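>>> Predicted structure and sequence below. I'll ask about it afterward.
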Amino acid sequence: IGGCSPNLKKSWHPQTLRNVEKVWKAEQKHEAERKKIEELQRELHEERAREEMQRYAEDVGAVKYVRGDFIGGCFCLGL
């Protein structure tokens, strides 16, 4: 039996170095995208929790929320 399969010379063969590299790069890209989505979901969850705590504090009267406007580099309170 011969040493090397003639299919390894075909561009479509899954074990060619080029195709293995394409698959590896695609997997790396997918993993990076998955991590980015997880990070964004975590940040969104933290932001919602912070907003919920702020609303709760306002409801019980511990903190009074004053809306302000950011104008030209200074924070001006609208009282």
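Perfect, I can see it now. Residues are numbered from 1 along each chain as shown.
>>> Spell out the residue ranges of the helices in this structure.
For the chain, the helices identified by DSSP state H occupy 17-60, in order along the chain.
>>> Phi, psi for the nearest residue to Asn7 once chain neighbours are set aside please.
Spatially, and ignoring its direct neighbours in sequence, Asn7 is nearest to His13 (4.9 Å; C-beta to C-beta, 6 or more residues apart in numbering). In this view, the C-beta of every residue, glycine as well, is placed from N, C-alpha and C. Here is the backbone geometry of His13 (degrees, to the nearest 10): phi -70, psi 130.
>>> hang on, His13 packs against Pro6?
No. Using C-beta atoms under 8 Å, His13 makes no contact with Pro6, being 9.5 Å away.
>>> Phi, psi for Thr16 please.
On the backbone of Thr16 - angles per degrees, to the nearest 10 - the values are phi -70, psi 150.
>>> Could you list the low-pLDDT ranges of the protein?
Along the chain, segments meeting pLDDT under 70 span 1-4, 63-79.
>>> Just want the most central residue of it.
In the chain, the C-alpha closest to the average C-alpha coordinate belongs to Lys36, at a distance of 2.2 Å (C-alpha atoms, centre = their mean).
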